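S.K.: output the structure for:
(2 chains)
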Amino acid sequence: MAKNHSVSFIRFGAMAAAAVLLGMLPGRAAFAAADPMENARIVGEKRCGECHDTEKNLFGHTQHAKIFRENPRNDTEKAVCEACHGNGSLHVADTKDKTKIIGFSKEWGTPIEKQTAQCLNCHDGGQRINWGGSIHQRNKLSCSDCHNPMARFSANGLLKKASITETCQSCHPQQRAEFKKRSHMPVPEGKMTCEDCHNPHGSTTKRLLKADSVNELCYTCHAEKRGPFLWEHAPVRENCLNCHEQHGSNSDKLLKQSRPMICMSCHNNTTAMGHTYRNAVDPTTALQIRGRSCQNCHAQIHGSNAPDGERFRR
Amino acid sequence: MSFRPRIKLLAACVGAALAQLGAGSSFADSAVGVDTALGNALNPPGRSAVPRPIADDGYDTVRHSPSGQLYGQPADASDDSTQTESGWAYKGSVEAGLLGGDANKKSSLYRQYMDLKNGPYLNYFAVEADKPDSANYVQAFGGGTGRDDQFYGLQFGRYNDWKVKTFYNETPHVFSSDFKRIYNSDGNGHLTLPAGTAGVGTAANLGTTLLGTAKALPDSEIGLVRKKGGVRLDMNLAADWKGYVSVTQEKREGERPFAIMGVEGEEPIDYKTTDLLAGLQYTDKLTAVNLRASASLFRNDIHTMYAQSAIAPAAGSATNVAGLSTFVYSLPPDNQAYNLKGEVSRKLPDFYNGRVSGSLAWGSSRQNDAIRMPLDPGLVPNGTTVGLTTAANWNGTNGSPLTRTDSGQRIDSKLLNLSLALNPLDDLNLKGTVRHYATQNKSGAYYSYNPLTGEWFNGLFNSVNGFGTATPSTTGAGGLGRCQPAPGFPVVAGCTSAATSSFTSYGLMAPPRDNKQTNYTLSADYDLGKASTLEGTVEREDFSHTFRERDKTWEDKFTLGYVNRSLGDTTLRTSLEHDSKRGSFYDPAAITRDIGGWFSVYGVTYNRAALQNLIANAGTGIYPALATIQAALLSSNHNSGGWMRPDQADRDQNILNARLNYMARQDLDLGVMAQFKKIKYPGNSFGPQKDDSLSLNFDLNFQPANGTRVTAFYSRQDGKQQQIDNYGAFAGSGYASLLAYTQSQCGPALTVNNIDCYLSNTRIPGADITVDTKNTNDVVGLGLTHEFGSMTLSANYSYSRGITHIVHAYGAISLTAAQQTAEAQYGDYPDITLVQNTLDLNLLVPIDKRTTVRLLYRFDGIKVRDWHYDYYNNMTITTFAPADYGPQNYHANIIGAFIQYKF
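M.R.: Numbers count the residues shown, from 1 in each chain, chains lettered A, B, ... in the order given. Sure thing, here's the model as predicted:
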């Protein structure tokens, strides 16, 4: 084992060194190109509306519009359209040059980094404090891959779809399918959204979780399982996902495997395991297999607070 | 894109293309808290059932997102609000009508998280008001009024200044709709058997007595309802400062199935959880700071459950007699959790355009419920002892039989996350992160030891017998306990033997486990072109545990990613990840090892150090003879060495992700997403072997004209898990075979030096049983929204099929002759299957500018089979009396007629 430990560490070190060397490679461009909008001036919302009347009307019912028009905090917000799209004078002069105004669609082609920076001018920090280096940022997503502030598509959040869940599932169809399984979080029934657990803007916890660990997140809704109990079930305390799928499962209770197989993945040499060869069709099949299987007796599998709860039966 | 403007339509559809009217504003934000959904099955959060027309020329504004997905068609934004003299502008909408058909359908899968019933139904209402001159606003909405899935929200404030959000939301959770109420429950934790139930003497006759009773009982529903409300204030405190504070409270009431040693009853649920949250945020051009404090207080109004059983222990012995006794259960204790967190991020524009970030968090979870007596006064059957010396020494009469009277449990957690991101070149981003998360159990060990008697105990009714105890021996020979008191307690009077380790004796300790996890991550992404990037990440994860099978595990992770957003009209994102996890010596008796070779939480265990001590001293003093030790070791197989539990096992993992978005036409986008994951456990000669999965997903989004949208998707998921089991007690002819095999592998005699070999070979490979589990899922979705003149039709269909197929492969000597006969007669497990079809049809018929009729048809059908609940009616076992007869098939045809009115 010690040898494996060393080998792994060497491999890690080698990869780290490679990453550093990669950092020493010359870039595609040694210096930032000059900003083509550097000399642009504000033209005002009225001027924008002369050509973009439909957009102006649709935008008028969004939260951005209400904020910018009714209670702007600074000159940027007072500029309304140009608060996001940048100063428009050069665009007015040459509407065909896509470098002269910031657009947020694939058709327009403004670089992702520039789009994102424009949004973060106002929205940096707060919930987005960990955006840099997050999985979404590293995969070069733009804010407007999820948000569309040009019309009121969602109740809040200026999302591109009507709901948080629909927005997330447009890129995460695997999870959409998992929510269709037999046991699932109540997302299709409208009682949860992806954002109950995940912060799409970045997190210090993997999978963009909104808590410092998987268990701390789960305890938010399942506080009765938080304990700590007199008798802790070690893998349960360490990570709920040792036994449960997070989105949906073919098995009852979001279990990773059907009972008793999920229990048997750790517990081989127990009385119950001697019964699994005999399937449930057999009328003599033991109570260790049917119904809740192991939990027919070990009902307190998440932990017991009984003085004699060592085997999670009390 | 050849979009043609169309006339404004009075009607619209219930679809994603339609905009909202203050609908379903979420309570929490994206960084902290739940409650981001306020809606129900007929009102998905954020989407109003009340339609709004599609905007004139709105179709012309439809573009693709930067990744190439079509945005929806925007709704009409013409101002139809009413102005008041005071300057407020308001508008609202309501939808109400009737639900009929099979909305009352009783099936746990149908009713699991929703509450549809026949009859009048206020499906939705919303109103919003805005005062432009002061920037004040009010929004209110709700739906499902009077049902168990109702929801309401109210938000008011001043744009860009402050806002208050309040909400109330109910969520049903039905566990079973064919539950047989064997027990009579008073709802406060007292469960009694039906009058006239006779004690049966042995657990083997338990089912015989109660199974017939259960079968004759009517079906009933068992579940709970979450009722939650809260209020939150957000405020801009100064130019760069924001603050928020919130309080929520959730009440959970109902019942859930709870097994009482083979007889199912219902645990009463009466939970209350209060969450408090406050935070400050500071952001300027360079620096961002988040500070947050939270508290969660959980209260259970029913701490103890008393449930009668039809078996009772005989007075003064560990056997059963006919009679009723009472089992006592400790239900989830009150607990509280606190968390403080600070996050700082600062840009370094003059240092490689970098950014440095840090997070620091501290948390604590605590509970201090009183521990109930091992035997509760008045609950001892026949008013006398239960295989024990004196009941008074166990029920508190003679003082506390516990090593502590209150739980005194506390686990603290710490998080430290530091990261530095640099852009040494325009095209190169580097980021390094160190993350350390640790939990520390500050509870101290708990010992299930009775200081009054010197006995260790492991449970009233240990499976089928009486109170399991380890009686102290005064002779030093045989027996359990050997005068071993729990730490801090004296040896009981009359016990003179020295405290000594024994092969078969053990005490019971609840160990205070600690965990530490540290991740070191270094990532780099390099721009290969205008819109293509190559990314590499290396990560090291060190995980240390106490009182686990391994002291340490470590995992190396390597990821290579490639993103190209300009492959013509295609965006491609791919990544390949390879992970390798290894660890220190795997000891299945870690508890014994960590505290000196005597205590266990799982009963008799096999510990290398303890065994070596026994072997070295075999036959001397109180130590058993070598043959006795060897026989005990080989009395059955166990999972030493060759079987590592999956969360602790060596693991190799490879994951390939690919995601492609293709703008096939200006009005059509296609998506493909695939994930292949392969997991192997290379250190396991038996036990978990592999866990592979495949996910394939195809999407189509077609918007050919104003008011028309077609969507389709197909998803396929395959999962394959393999495990090798080995039940030593059933293998070959038992001990003799096992001994012969082990001796052939390790030598004829057990010695200090070959102990590892013995530990790893107390299993005959010929007795292996290989279990393959295959999960397959197919999901199809079709959607259509189309306008016919002034009417709008929307149709959504989905098909979902899930199959779990389990196959056993038996080694040559894995089954006895009788077992082979049973296996041949009944074959393997039948598949667990679920097939669901749903169809939603909505027809919107506008009556005038403000009024629309909505006609709804919804079909929802499930066909389910689960062998866990199969054949209850044919069951002949006598130790089991289930109450939950499992999920049921259903077909529900629901019709609805609603009037939608805008004002």
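
S.K.: contacts for the helix or strand that contains residue B:109?
M.R.: Using DSSP states H and E, residue B:109 falls within helix B:108-111. Contacts to helix B:108-111, defined as CB atoms under 8 Å, 6 or more residues apart in numbering or on different chains, come from residues A:182, B:105, B:172, B:174-178, B:221, B:223, B:860, B:862, B:864, B:887-888, B:890, B:892. Every residue, glycine included, has its C-beta placed from N, CA and C.

S.K.: and if we set it to 7 Å?
M.R.: With contact meaning CB atoms under 7 Å, 6 or more residues apart in numbering or on different chains, helix B:108-111 is reached by B:174, B:175, B:176, B:177, B:860, B:862, B:864, B:887, B:888, B:890, B:892.

S.K.: which SS state does the fourth one fall under?
M.R.: So that's residue B:177. Following DSSP: H, G, I helix; E, B strand; the rest coil, residue B:177 is assigned to strand.

S.K.: ok, now which ones touch it?
M.R.: Residue B:177 makes contacts with B:106, B:107, B:108, B:111, B:219, B:221, B:888, as judged by CB under 7 Å, 6+ apart.

S.K.: quick check: the gap between the last one and residue B:365.
M.R.: As judged by CB to CB, to the nearest Å, residue B:888 and residue B:365 stand 38 Å apart.

S.K.: now the third one
M.R.: Residue B:108 sits 32 Å away from residue B:365, taking CB to CB as the criterion.

S.K.: tell me how chain B divides into domains.
M.R.: Domain assignment for chain B by automatic domain parsing gives B:182-334, B:515-589+B:640-729+B:747-902.

S.K.: tell me which of these lies nearest to residue A:167.
M.R.: Among those, domain B:515-589+B:640-729+B:747-902 comes nearest to residue A:167, with 13.4 Å by CB to CB.

S.K.: how long is that closest one end to end?
M.R.: Chord length of domain B:515-589+B:640-729+B:747-902, first to last residue, is 57 Å (CA to CA, to the nearest Å).

S.K.: now stretch B:440-448
M.R.: 22 Å.

S.K.: pull out the buried positions in it.
M.R.: For stretch B:440-448, burial by neighbour count (16 or more other CB atoms under 10 Å in any protein chain shown) applies to B:440, B:441, B:443, B:446, B:447, B:448.

S.K.: to the chain's geometric centre, what's the distance from it?
M.R.: 25 Å (CA atoms, centre = their mean, to the nearest Å).

S.K.: ok, it near chain A or not?
M.R.: Yes: Stretch B:440-448 reaches chain A (CB under 7 Å from any CB of the partner chain) through B:441, B:443, B:446, B:448.

S.K.: picking up where we left off before, filter the contacts of residue B:177 down to the buried ones.
M.R.: For the contacts of residue B:177, buried by 16+ other CB under 10 Å: B:106, B:107, B:108, B:111, B:221, B:888.

S.K.: same list, the residues you listed, but as a markdown table with pLDDT and distance to residue A:142 please.
M.R.: Below are these laid out as a markdown table (pLDDT from 0 to 100; distance: CB to CB, whole Å):
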| residue | pLDDT | distance to residue A:142 |
| --- | --- | --- |
| B:106 | 90 | 48 |
| B:107 | 93 | 44 |
| B:108 | 95 | 43 |
| B:111 | 94 | 41 |
| B:221 | 96 | 48 |
| B:888 | 94 | 47 |
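
S.K.: for residue B:140, state which of the residues you listed is nearest.
M.R.: Using CB to CB, those come closest to residue B:140 at residue B:111, 28.3 Å.

S.K.: got a list of what whichever residue of the stretch 101-250 of chain A sits closest to chain B touches?
M.R.: Going by CB to the nearest CB, chain B is nearest to residue A:125 of the stretch 101-250 of chain A, at 3.1 Å. By CB under 7 Å, 6+ apart, the contact set of residue A:125 is B:281, B:283, B:288.

S.K.: kindly recompute the last result at 10 Å.
M.R.: Going by CB atoms under 10 Å, 6 or more residues apart in numbering or on different chains, residue A:125 touches A:131, B:240, B:242, B:281-284, B:287-290, B:343, B:345.

S.K.: can you check residue B:682 too?
M.R.: Residue B:682 makes contact with B:580, B:581, B:582, B:649, B:650, B:651, B:652, B:689, B:690 under the criterion CB under 10 Å, 6+ apart.

S.K.: repeat the analysis, applying 7 Å as the threshold.
M.R.: Contacts of residue B:682 (CB under 7 Å, 6+ apart): B:650, B:652.

S.K.: ditto for residue B:855
M.R.: With CB under 7 Å, 6+ apart, residue B:855 has these contacts: B:843, B:897.

S.K.: with only the CA atoms kept, save the longest helix along chain B in CSV.
M.R.: Longest helix in chain B, counting residues (DSSP state H): helix B:735-746. Provided in CSV are the C-alpha atoms of helix B:735-746 (Å, rounded to 0.1, in the frame of the first residue of the first chain):
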residue,chain,number,x,y,z
TYR,B,735,-15.9,-25.8,8.9
ALA,B,736,-14.0,-28.9,7.7
SER,B,737,-14.0,-27.6,4.1
LEU,B,738,-13.1,-24.1,5.1
LEU,B,739,-10.3,-25.3,7.3
ALA,B,740,-9.0,-27.6,4.5
TYR,B,741,-9.1,-24.8,2.0
THR,B,742,-7.4,-22.3,4.3
GLN,B,743,-4.7,-24.7,5.3
SER,B,744,-4.0,-25.5,1.7
GLN,B,745,-3.4,-21.8,1.1
CYS,B,746,-1.7,-20.8,4.3
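
S.K.: wait, does that helix contact chain A?
M.R.: No: figure legend: helix B:735-746 not in contact with chain A (CB under 7 Å from any CB); closest approach 12.2 Å.

S.K.: would you mark the buried spots in that helix?
M.R.: With the criterion 16+ other CB under 10 Å, helix B:735-746 contains buried residues B:737, B:738, B:739, B:741, B:742, B:743, B:746.

S.K.: how near is residue B:169 to residue B:489?
M.R.: Applying CB to CB, the value for residue B:169 to residue B:489 is 51 Å.

S.K.: pull the number of nearby residues for residue B:566.
M.R.: Residue B:566 is flanked by 14 other residues according to other CB atoms under 10 Å in any protein chain shown.

S.K.: now do the SS call for residue B:659.
M.R.: Applying three-state DSSP: residue B:659 is strand.

S.K.: still on that earlier bit, just flag the most distant two among the contacts of residue B:177.
M.R.: B:111 and B:219 (12.7 Å).

S.K.: worst-scoring helix or strand of chain B, pLDDT-wise?
M.R.: Ranking every helix and strand in chain B by mean pLDDT, DSSP states H and E puts strand B:599-600 at the bottom, with a mean of 52.
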